[in-house]
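>>> Starting from these lines, generate the structure:
(2 chains)
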Amino acid sequence: MVIELFIKIVTLSYWVFRQVAKLSQVHETSLAKAQLPQKLLEKYKKFIGSTIETHDVPVNVLDACNSRIRQIHGLDVANNEDNEDLSSTEKALALAALKVAEKLVSSVHDIKDSDLLSLREALGASGVVQLITALAFFDVECRLELASGVF
Amino acid sequence: MATNPRVNSAIEGETPSFTNVMLHKRDMFECFGDLYSEYWRNSELSLEIKEMTRIRNARITDCGY
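Below is the predicted model of the structure:
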């Protein structure tokens, strides 16, 4: 029983680590080509990292939102086969987050109080702040990529 | 559009503002402040260009800043 639990914890930790690493890698690859001044680049990477490395928002929810925002912008999307194993709670959370992600890209004024209510209940204030910030900068990254053509 | 603040202030008793709401994620907000000040102080664009584009962006987005 204890061993099974230990294996589950190790497996879950590894999966979360992989997801965070995958999200981080996307930004690392993009930023390497941006040719920003070194100091600005370092601070940008540190900030972007702080929006995705967290315990407040499940990494697979962030990953799903990043993919959806990239799809809306017509950009390539990494394979998200890992997200198929979401629990029903995570699926509900992901759906609520995706709804906000979609509106944030092209109709941000259409985001309603009710859109954030369930997220606030599930994630708390710190989770909502992190989620909104992450979504906004997923969108920024897409716009940078489209405008510069170098990401 | 928001009809009221959707997240409370991280500082008890204060009216919600951009700063005190972002303080719910203090580490992230500090990274943001560090990046934003670097952009405004040291980037290669002039202050005039940056301010002009900031205002235009705010007007297009209708954000009020």
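
>>> Would you mind measuring from the most centrally placed residue in chain B to chain A?
Closest residue to the average C-alpha location of chain B: B:F18 at 6.2 Å, with C-alpha atoms, centre = their mean. Going from B:F18 to chain A by C-beta to the nearest C-beta, to the nearest Å gives 10 Å. Quick note: C-beta positions are derived from backbone N, CA and C, even for glycine.

>>> remind me, longest helix of chain A?
The single longest helix within chain A, with elements called by DSSP state H, is helix A:113-148.

>>> helices or strands up against that helix?
Applying 3 or more C-beta pairs under 8 Å, 6 or more residues apart in numbering or on different chains; DSSP states H and E, one finds that helix A:113-148 contacts helix A:2-32, helix A:38-52, helix A:59-72, helix A:88-106, helix B:18-22, helix B:26-42.

>>> 6 Å instead?
Packed against helix A:113-148 by the contact rule (3 or more C-beta pairs under 6 Å, 6 or more residues apart in numbering or on different chains; DSSP states H and E) you find helix A:38-52, helix A:59-72, helix A:88-106.

>>> Reformat the ones you listed as CSV; add mean pLDDT.
Output for the helices and strands packed on helix A:113-148, formatted as CSV (pLDDT from 0 to 100):
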stretch, mean pLDDT
helix A:38-52, 91
helix A:59-72, 94
helix A:88-106, 93
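
>>> what does chain B have sitting close to chain A?
Proximity of chain B to chain A, by C-beta under 6 Å from any C-beta of the partner chain, involves residues B:M1, B:R6, B:V7, B:H24, B:K25, B:D27, B:M28, B:C31, B:F32, B:D34, B:L35, B:E38.

>>> Take these and write them to JSON lines, including neighbour count.
Shown next, in JSON lines, are the residues of chain B next to chain A (neighbours: other C-beta atoms under 10 Å in any protein chain shown):
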{"residue": "B:M1", "neighbour count": "9"}
{"residue": "B:R6", "neighbour count": "20"}
{"residue": "B:V7", "neighbour count": "19"}
{"residue": "B:H24", "neighbour count": "21"}
{"residue": "B:K25", "neighbour count": "24"}
{"residue": "B:D27", "neighbour count": "10"}
{"residue": "B:M28", "neighbour count": "24"}
{"residue": "B:C31", "neighbour count": "20"}
{"residue": "B:F32", "neighbour count": "19"}
{"residue": "B:D34", "neighbour count": "16"}
{"residue": "B:L35", "neighbour count": "21"}
{"residue": "B:E38", "neighbour count": "18"}
